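# Show me how the following folds:
(chains A, B, C and D)
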Protein chains: 2
Amino acid sequence: MPTPERTNVDAIVTAATEILEHQGVDALTMQAVATAVGVRAPSLYKRVRSRNDVIRLVMERIAIDLGDALDAAVDGIRDPRDRALALLRATRAFAHARPDSYSLLFARLPDDALPEPAVLAGTIAGVLRVSTELVGDEHALEAARTLTAWVHGFVSMELADRFRMGRDVDEAFEYGSRRIADALAMTAG
Amino acid sequence: MPTPERTNVDAIVTAATEILEHQGVDALTMQAVATAVGVRAPSLYKRVRSRNDVIRLVMERIAIDLGDALDAAVDGIRDPRDRALALLRATRAFAHARPDSYSLLFARLPDDALPEPAVLAGTIAGVLRVSTELVGDEHALEAARTLTAWVHGFVSMELADRFRMGRDVDEAFEYGSRRIADALAMTAG
DNA sequence: ACCTGAACACCGTTCAAGT
DNA sequence: ACCTGAACACCGTTCAAGT
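Numbering: from 1, shown residues only, chains lettered A, B, ... in the order given. As a prediction, this is how the structure comes out:
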């Protein structure tokens, strides 16, 4: 006689995301997830292939959340330079609010822990759009990469607390962001 | 009667660095290091406090290597803008040559796995020097952070293979690097 | 059809016992 | 003084056995 399902993939991903954000990626074990959803660890393998599979599903959810945050950040702003700055600030705000999630999004992981490329493409669609407005079609991709690399580099150094930042970190971020946005905007003409 | 020492900290760090670079950070286990230096895992604890301690020592060695590579890269170049570009390219070359070492240098790690701040300060001393030449004293720190964040962001996205880069990655790097160096140089006047 | 305990092959780390 | 086997508390994962 079939026993009723006591959990499902959605509950697993939700529990895993919460563990990641409250206790860090090392605490994201199959046993911790199992306990959170009310089963034993082996039962999880009826829903997911492996721990890397859980990480993949969590990453996809985070990527969508970041994409939504970026879209919301530029909504209502007209000037392309201001829209670019809004993207940069929103990325940094997301990283501060959910540091472990943000870090996972850019961590070096085995292939079977990586999301569908389409999901990640959706996340940066907005960045590519704003980059096109800023520098035109020809160099839109390079500009998008410049913006993304800059903000990711800054934020990841902040999160890792490496090369200790002084006190005026916000100012350093604005300084670099404005300079980069200006440099890109100038190439449009 | 005292038994002779069969290993030492230096051999441990060398073995650990080689495992890191050939097999990745997950393969850097106490057992693997112990086997490589010819003892059993528990013996390592006579030389190091913990696995995090091994990681800290490995990171310090990597940080010094990167600092040396950066110093060598600007040697003989006069123009501050060219010196800045040389630093950026040398950082990227180091990351390509030793991807697992480079990634470790910027990974989020527990405090007891982090090097002495002085070691990391030494690594970026050259960047700060070039930044001062480029933008003057007042904004040298912000400029150094801009350069460092840009190159680290670009390289870490390359290494993580996230947001798949197209084929002209080299061109995108040069595009962004030149634009950023120019933008910084302009603020000097 | 789903869930579980037991098991396997690993981890990092501690410690009493050996030399 | 150093090294080791054994042990402890964990991992991820598999699988036969239960319902």
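# for DNA strand C, what are the nearby residues on chain A?
A:1, A:2, A:3, A:4, A:5, A:6, A:7, A:39, A:40, A:42, A:43, A:46 (C-beta under 7 Å from any atom of the strand). Any C-beta I mention is one placed from the backbone N, CA and C, and that applies to glycine too.
# buried residues in the lowest-mean-pLDDT helix or strand in chain A?
The weakest-scoring helix or strand in chain A, judged by mean pLDDT, DSSP states H and E, is helix A:169-186 (a mean of 92). Applying a neighbour-count criterion of 16 or more other C-beta atoms under 10 Å in any protein chain shown, one finds A:172, A:173, A:175, A:176, A:177, A:179, A:180, A:181, A:183, A:184, A:185 buried in helix A:169-186.
# Check the burial of the closest residue to chain B within chain A by counting its neighbours.
Nearest residue of chain A to chain B: residue A:153, at 2.6 Å (C-beta to the nearest C-beta). When counting by other C-beta atoms under 10 Å in any protein chain shown, one arrives at 25 neighbours for residue A:153.
# same check, this time on the one 5 residues further on
Residue A:158 sits with 19 neighbouring residues when counted by other C-beta under 10 Å.
# With residue A:120 instead?
Counted by other C-beta under 10 Å, the residues lying close to residue A:120 total 20.
# so which strand or helix has it?
Assigned by DSSP states H and E, residue A:120 belongs to helix A:117-135.
# and the helix or strand following that helix, C-alpha only, in CSV?
Scanning forward in sequence from helix A:117-135 by DSSP H and E, the next helix or strand is helix A:140-160. Only the C-alpha atoms of helix A:140-160 are listed here, as CSV (Å, rounded to 0.1, in the frame of the first residue of the first chain):
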residue,chain,number,x,y,z
ALA,A,140,26.5,46.4,-24.9
LEU,A,141,27.9,43.0,-23.9
GLU,A,142,31.3,44.4,-22.9
ALA,A,143,29.6,47.1,-20.9
ALA,A,144,27.3,44.7,-19.1
ARG,A,145,30.3,42.6,-18.2
THR,A,146,32.2,45.6,-17.0
LEU,A,147,29.3,46.7,-14.7
THR,A,148,28.7,43.1,-13.4
ALA,A,149,32.4,42.4,-12.8
TRP,A,150,32.8,45.7,-11.0
VAL,A,151,30.0,45.3,-8.6
HIS,A,152,30.6,41.6,-8.0
GLY,A,153,34.3,42.2,-7.3
PHE,A,154,33.5,45.0,-4.9
VAL,A,155,30.8,43.1,-3.1
SER,A,156,32.7,39.8,-2.9
MET,A,157,35.7,41.6,-1.3
GLU,A,158,33.4,43.3,1.1
LEU,A,159,31.7,40.0,2.1
ALA,A,160,35.0,38.1,2.4
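# If we go by neighbour counts, what in helix A:140-160 is buried?
A:140-160.
# Flag every buried residue along the lengthiest helix in chain A.
When chain A is parsed with DSSP state H, its longest helix is helix A:51-74. Judged by neighbour count using 16+ other C-beta under 10 Å, the buried positions of helix A:51-74 are A:51, A:53-63, A:65-67, A:69-71, A:73-74.
# cool, stretch A:19-37 as well?
Across stretch A:19-37, burial judged by 16+ other C-beta under 10 Å covers A:19, A:20, A:21, A:25, A:28, A:30, A:33, A:34, A:36, A:37.
# Of these, which belong to strands?
If you go by DSSP state E, the buried residues of stretch A:19-37 have nothing in strands.
# just curious, which of these is nearest to residue A:97?
Within the buried residues of stretch A:19-37, the smallest distance to residue A:97 is 9.3 Å, found for residue A:21 (C-beta to C-beta).
# still on that earlier bit, work out the gap between the longest helix of chain A and the centre of the chain.
Centroid displacement of helix A:51-74 relative to its chain, using C-alpha atoms, centre = their mean, to the nearest Å, is 6 Å.
# and that helix, what does it pack onto?
Applying 3 or more C-beta pairs under 8 Å, 6 or more residues apart in numbering or on different chains; DSSP states H and E, one finds that helix A:51-74 contacts helix A:9-23, helix A:30-37, helix A:80-97, helix A:99-106, helix A:117-135.
# Select, out of those, the one closest to residue B:134.
helix A:80-97 (21.9 Å).
# Which elements pack onto that closest one?
helix A:51-74, helix A:99-106, helix A:117-135, helix A:140-160, helix A:169-186.
# Name the residues of chain A found near DNA strand D, please.
Going by C-beta under 7 Å from any atom of the strand, the residues of chain A near DNA strand D are A:1, A:3, A:28-32, A:41-42, A:45, A:50-52.
# Among those, show me the least confident.
Scanning the residues of chain A next to DNA strand D for pLDDT, the smallest score is found at residue A:1, 54.
# since we're on residue A:43, how many residues are nearby?
The local packing of residue A:43 (other C-beta under 10 Å) involves 15 other residues.
# For it, which residues are in contact?
A:6, A:7, A:34 (C-beta atoms under 8 Å, 6 or more residues apart in numbering or on different chains).
# give me that answer again for 7 Å
Residues counted as contacts of residue A:43 (C-beta atoms under 7 Å, 6 or more residues apart in numbering or on different chains) are residue A:34.
# so how far is residue A:20 from it?
20 Å (C-beta to C-beta, to the nearest Å).
# for residue A:121, same thing?
In terms of C-beta to C-beta, residue A:121 sits 23 Å off from residue A:20.
# do residue A:115 as well
Distance from residue A:115 to residue A:20, by C-beta to C-beta: 15 Å.
# ok, now residue A:52?
Distance from residue A:52 to residue A:20, by C-beta to C-beta: 14 Å.
# My read is that the residue of chain A closest to chain B contacts residue B:152, right?
Yes - contact criterion C-beta atoms under 7 Å: residue A:153 and residue B:152 qualify, at 4.1 Å.
# got the residues of chain A near chain B?
Counting by C-beta under 7 Å from any C-beta of the partner chain, the residues of chain A close to chain B are A:103, A:106-108, A:117, A:120, A:124, A:139, A:141-142, A:145-146, A:148-154, A:156-157, A:159-160, A:162-164, A:166, A:172, A:175-176, A:179-180, A:182-184, A:187.
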